[in-house]
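Colleague: I need the structure of the sequence given here:
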Amino acid sequence: MEWETVIGLEVHAQLSTASKIFSGASTQFGAPPNAQACAVDIALPGVLPVANRGAVERAIRFGLAVNGMSAHNINRRSVFARKNYFYPDLPKGYQISQYELPVVLGGTINIVLRDGEKAVRLTRAHLEEDAGKSLHEDFHGMSGIDLNRAGTPLLEIVSEPDMRSAEEAVAYARALHSLVRWIDICDGNMQEGSFRCDANVSVRPKGAQALGTRREIKNLNSFRFLQQAIEFEARWQIETIQDGGTIVQATVLFDPDTGETRAMRTKEDAHDYRYFPDPDLPPLVVTEATIAEIRASMPELPEQRRRRYMSEFGLSAYDAALLTADRELGEHFEEVVRHSLKEGEPLAGADFKLCANWVINEVSAKLNEENLPAAKAGVGGDTLGHILRRLREGAINAKTAKDLFSEFWSEARESAYARRGGDPRRVDALIESRGLKQMSDEGALEAIVDQVLGANAKSVEEYRSGKQKAFNALIGQAMKATGGKGNPARISEILRRKLAS
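Modeller: Next up, the predicted model:
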């Protein structure tokens, strides 16, 4: 029997407010345990919660972003509810969340896959407070409780079960991670718990309409773990059913050391939490004026920018997706494009593919290698753009361009990225002082090609008998004769002309 995996994700994005969702306590990461837990957070008798306006505004930004800037999916009136359960790190004995009337209903996240695009529907996005944290490592026979996170504002983003593979789930999580950072509502730091995924996974026979029994994998804090956990869980469920077993709805944990999931507790349903409206918090009312003000402050969204790169710049869907995975990387790319143009040259005259290749391959490779954000790119967009301008003009060849780029990046590394390496003016100065200018003079190159042909009769004969490698060897000899400064395109053209005669 062929099986189909069905996946829905619940993502908790910590909102980037300075204070908590219902108190004035700080949300800064790394404080000593319980140093940022105030009377409201630890539920002392008589305290009252007050909603954080900044958290609400960030939720509205998200609602606009996932609905093409339309606000019809933003509830003008939503309700905070009490979600009742008892856990040591939940000081009130309940969590303030939203249930029947969340702040955002619906929306879509578009993902780019190897075989095309797919829209993943969102069920809802609701505001809630985080719980504290149980500490086990430093205590023998006991657990400690750190309530610093208690009350931290979260936006829980719930998808429909639209994903059918771990690859799709990771693409969706990456797109969502990029979006919340892009619109500046969450820093996306997965190591610090600012962006956490719960994956609901079930399997069913291919072609079946009814959903299988799901198990929820909790607190996945890396894309790699998300993929591994879903792949293992799907295999486990299929094997269990094929062996005659049944799947029991449960909450499970993923162990990255073994690559396996294991049951933690049977999964609760909504009625088990006994939701009811929080009597201490009035309904959350969002005005049209607030929505209009937030809409006016929104940046160009990644989906809009991706489509613009494809339609105006002629980039492939794949390249456009890579350049819009990070807002700062896209801005770096556009700066490179602007500075690659000659004085007065219109934007339409840019070599967009060349600039995209350099940002995707050279810049991104360095950023990944050194675990840096795009804002810390060692070579500024103005400097890289100027290098590519000289490359386009034929003043330097690709090897020289890469050498200059690497040298400038090394300068930034030496200063611990306190400043960027390179300067547009230094590009020309180095080309001149080091004699790096590409040799493009037709007469001089013809003379060198003639010498190479005369000294490599065997390669000439092999090329004429159909061996392409021989042609590459001849180009190599010609480049060597020019000290690496020859224009390879011109040399190739001259070689082909002379070999054809």
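Colleague: okay, CA-based contacts and neighbour counts for the rest of this
Modeller: Noted.
Colleague: Distance of Leu372 relative to Lys366?
Modeller: 8 Å (Cα to Cα, to the nearest Å).
Colleague: give the contact list for Asn361.
Modeller: Residues near Asn361 by Cα atoms under 8 Å, 6 or more residues apart in numbering: none.
Colleague: swap in Leu453?
Modeller: Val460, Leu474.
Colleague: mind redoing it with 6 Å?
Modeller: Leu453 makes no contacts at all, as judged by Cα atoms under 6 Å, 6 or more residues apart in numbering.
Colleague: could you say which helix or strand contains it?
Modeller: helix 442-455 (DSSP states H and E).
Colleague: send the alpha carbons of that helix over as CSV?
Modeller: The C-alpha trace of helix 442-455 is given here as CSV (Å, rounded to 0.1, in the frame of the first residue of the first chain):
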residue,chain,number,x,y,z
GLU,A,442,43.1,42.3,-30.4
GLY,A,443,46.6,42.5,-32.0
ALA,A,444,48.5,41.5,-28.9
LEU,A,445,46.1,38.6,-28.2
GLU,A,446,46.4,37.4,-31.8
ALA,A,447,50.2,37.3,-31.5
ILE,A,448,50.0,35.3,-28.3
VAL,A,449,47.4,32.9,-29.8
ASP,A,450,49.7,32.4,-32.8
GLN,A,451,52.6,31.5,-30.5
VAL,A,452,50.4,29.0,-28.6
LEU,A,453,49.2,27.3,-31.7
GLY,A,454,52.7,27.0,-33.0
ALA,A,455,54.0,25.5,-29.8
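Colleague: and it, how far out from the chain's middle?
Modeller: 50 Å (Cα atoms, centre = their mean, to the nearest Å).
Colleague: for that helix, what is the average pLDDT?
Modeller: Averaged over helix 442-455, pLDDT sits at 86.
Colleague: quick one: buried residues of the lengthiest helix in the chain?
Modeller: Ranked by number of residues, the top helix in the chain under DSSP state H is helix 223-242. Residues of helix 223-242 classed as buried under the neighbour-count rule (16 or more other Cα atoms under 10 Å) are 223, 225-231, 233-234, 236-238.
Colleague: downstream neighbour of it in the secondary structure list?
Modeller: With DSSP H and E, the next secondary element past helix 223-242 is strand 250-255.
Colleague: tell me which strands and helices the helix or strand just after that following strand is in contact with?
Modeller: Per DSSP H and E, the first helix or strand lying C-terminal to strand 250-255 is strand 260-266. Judged by 3 or more Cα pairs under 6 Å, 6 or more residues apart in numbering; DSSP states H and E, the packing partners of strand 260-266 are strand 250-255.
Colleague: what pairs with the strand it packs on, and is each one parallel or antiparallel?
Modeller: Within its sheet, and counting by DSSP bridges, strand 250-255 is paired with strand 215-220 (parallel), strand 260-266 (antiparallel).
Colleague: looking at the ones you listed, which is closest to Leu445?
Modeller: For the strands paired with strand 250-255, the distance to Leu445 is smallest for strand 215-220, at 59.6 Å, taking Cα to Cα.
Colleague: Give me the angle between the closest one and helix 223-242.
Modeller: 160 degrees (axes from the mean of the first three to the mean of the last three Cα atoms, to 10 degrees).
Colleague: what is the rounded mean pLDDT of strand 215-220?
Modeller: 95.
Colleague: what sits up against it?
Modeller: Arg196, Cys197, Asp198, Ala199, Asn200, Val201, Leu226, Gln249, Ala250, Thr251, Val252, Leu253.
Colleague: The third one should be in a strand, yeah?
Modeller: Yes: assigned with DSSP: H, G, I helix; E, B strand; the rest coil, Asp198 falls within a strand.
Colleague: Show me what counts as buried in the helix holding Leu453.
Modeller: Under the neighbour-count criterion of 16+ other Cα under 10 Å, helix 442-455 has Leu445, Glu446, Ile448, Val449, Val452, Leu453 buried.
Colleague: can you list the domain ranges for the protein.
Modeller: Using automatic domain parsing, the domain ranges for the chain come out as 10-201+275-294, 300-433, 442-500.
Colleague: Please point out which parts of the strand or helix carrying Ala169 sit buried.
Modeller: Assigned by DSSP H and E, Ala169 belongs to helix 166-182. Within helix 166-182, the residues scored as buried using 16+ other Cα under 10 Å are 166-173, 175-182.
Colleague: quick check: angle from that helix to helix 223-242?
Modeller: Using the same axes, to 10 degrees: helix 166-182 against helix 223-242 is 150 degrees.
Colleague: Can you show me the CA trace of the helix or strand that the helix holding Leu453 is followed by as CSV?
Modeller: Downstream of helix 442-455, the next assigned helix or strand under DSSP H and E is helix 457-464. Taking C-alpha atoms only, helix 457-464 is exported to CSV below (Å, rounded to 0.1, in the frame of the first residue of the first chain):
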residue,chain,number,x,y,z
ALA,A,457,50.6,21.2,-32.6
LYS,A,458,49.4,18.0,-30.9
SER,A,459,46.5,19.9,-29.1
VAL,A,460,45.6,21.6,-32.4
GLU,A,461,45.4,18.2,-34.1
GLU,A,462,43.3,16.7,-31.3
TYR,A,463,40.9,19.6,-31.4
ARG,A,464,40.4,19.2,-35.1
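Colleague: And helix 457-464, what does it pack against?
Modeller: helix 468-481.
Colleague: Name the residues that touch the longest helix of the chain?
Modeller: Contacts for helix 223-242 (Cα under 6 Å, 6+ apart): Ala166, Leu220.
Colleague: what's the answer for stretch 153-171, then?
Modeller: Outside stretch 153-171, the residues that reach it (Cα under 6 Å, 6+ apart) are 5-15, 20-21, 120-129, 227, 230.
Colleague: Dump the C-alpha coordinates for it into PDB.
Modeller: Coordinates of the C-alpha atoms in stretch 153-171 are reproduced here as PDB (Å, rounded to 0.1, in the frame of the first residue of the first chain):
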ATOM      1  CA  PRO A 153       4.500  37.600  24.100                       C
ATOM      2  CA  LEU A 154       4.000  34.900  21.500                       C
ATOM      3  CA  LEU A 155       2.100  34.800  18.200                       C
ATOM      4  CA  GLU A 156       1.000  31.200  17.600                       C
ATOM      5  CA  ILE A 157       0.700  30.600  13.800                       C
ATOM      6  CA  VAL A 158      -1.400  27.500  12.900                       C
ATOM      7  CA  SER A 159      -1.400  26.100   9.400                       C
ATOM      8  CA  GLU A 160      -3.900  23.900   7.800                       C
ATOM      9  CA  PRO A 161      -2.700  20.300   7.200                       C
ATOM     10  CA  ASP A 162      -1.600  21.200   3.600                       C
ATOM     11  CA  MET A 163       1.900  19.800   3.600                       C
ATOM     12  CA  ARG A 164       2.700  16.300   2.300                       C
ATOM     13  CA  SER A 165       6.400  15.900   3.000                       C
ATOM     14  CA  ALA A 166       9.200  16.900   5.400                       C
ATOM     15  CA  GLU A 167      10.600  19.000   2.500                       C
ATOM     16  CA  GLU A 168       7.400  21.000   2.200                       C
ATOM     17  CA  ALA A 169       7.200  21.500   6.000                       C
ATOM     18  CA  VAL A 170      10.800  22.800   6.100                       C
ATOM     19  CA  ALA A 171      10.200  25.100   3.100                       C
END
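Colleague: one step back: comparing the domains of the chain by mean pLDDT, which bottoms out?
Modeller: When I compare the domains of the chain, domain 442-500 is least confident, with a mean of 85.
Colleague: ok, Lys399 to Glu369 distance?
Modeller: Relative to Glu369, and taking Cα to Cα, Lys399 is found at 21 Å.
Colleague: out of those two, which sits in the busier spot?
Modeller: Neighbours per residue (other Cα atoms under 10 Å) separate Lys399 from Glu369, with Lys399 holding more: 12 against 9.
Colleague: that's a helix at that one, yeah?
Modeller: Yes: Lys399: assigned to a helix according to three-state DSSP.
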